[in-house]
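Participant: A predicted structure for the sequence below; I have some questions about it.
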Amino acid sequence: MKKMNLLTFLAIIFLLTACSSSDSSNAAGAIKTMYKAALNHDVETFTRMVSDDVMDYYNPEDSMEDLRETINEAGGLAELKVLEISKDKLNEEMVKSFSEEFQNNWHFVVQDINQDEFLCWILVKGDRYYQVIYVEDLSQDEFLKESKK
């Protein structure tokens with residue numbers, strides 16, 4: 001009986017841990033992890049996830065405050081609409097440009113800001129984690145391939 005209770009307890013702990021942890025195994029999950037770091041005032045995790053080139057343009061504390069405001073406006077971290085867009089769905093000129101600049105090791109993630117604008121993130125996968133190397137507000141027309149009518 002004690003063995004069964006221990007196994008049940010361990011199973012519950014495992015499920016709670018799996019459900020509560022951020023999924024950084026993909027690019028969209030990495031963006032959610034970055035938002036979680038901002039929410040928790042975790043400067044170390046946040047700055048590790050953002051390249052030095054990006055940090056040259058943005059103050060970490062100000063950036064984290066902006067992300068916290070975005071979380072609040074969305075109604076919480078779970079409500080953020082973050083999605084990785086595959087390269088075959090992106091504008092061909094954009095794919096060519098980013099591939100020349102970042103080789104082919106980049107991922108395109110969007111966050112829905114409003115009906116007309118998206119916050120677009122370019123990430124590269126390092127040995128251990130994803131890192132943001134570029135960020136820009138764009139409209140769908142700027143990054144998606146034209147749909148065939």
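Facilitator: Cool, the structure landed.
Participant: show me the contacts for the residue nearest the centre of the chain.
Facilitator: Nearest to the mean C-alpha position of the chain, counting by C-alpha atoms, centre = their mean, stands residue 31 at 1.6 Å. With contact set as C-beta atoms under 8 Å, 6 or more residues apart in numbering, residue 31 has these partners: 82, 109, 111, 121, 123, 132. Backbone N, C-alpha and C define where each C-beta goes, glycine included.
Participant: which of these lies closest to residue 51?
Facilitator: residue 132 (6.3 Å; C-beta to C-beta).
Participant: Counting neighbours, what do you get for the closest one?
Facilitator: By other C-beta atoms under 10 Å, 21 other residues sit near residue 132.
Participant: Where does it sit: helix, strand or coil?
Facilitator: strand (DSSP: H, G, I helix; E, B strand; the rest coil).
Participant: ok, and the closest non-adjacent residue to it?
Facilitator: Distance criterion C-beta to C-beta, 6 or more residues apart in numbering; nearest residue to residue 132, sequence neighbours excluded, is residue 50 at 4.7 Å.
Participant: tally of neighbours for that neighbour?
Facilitator: Going by other C-beta under 10 Å, the residues that sit close to residue 50 add up to 21.
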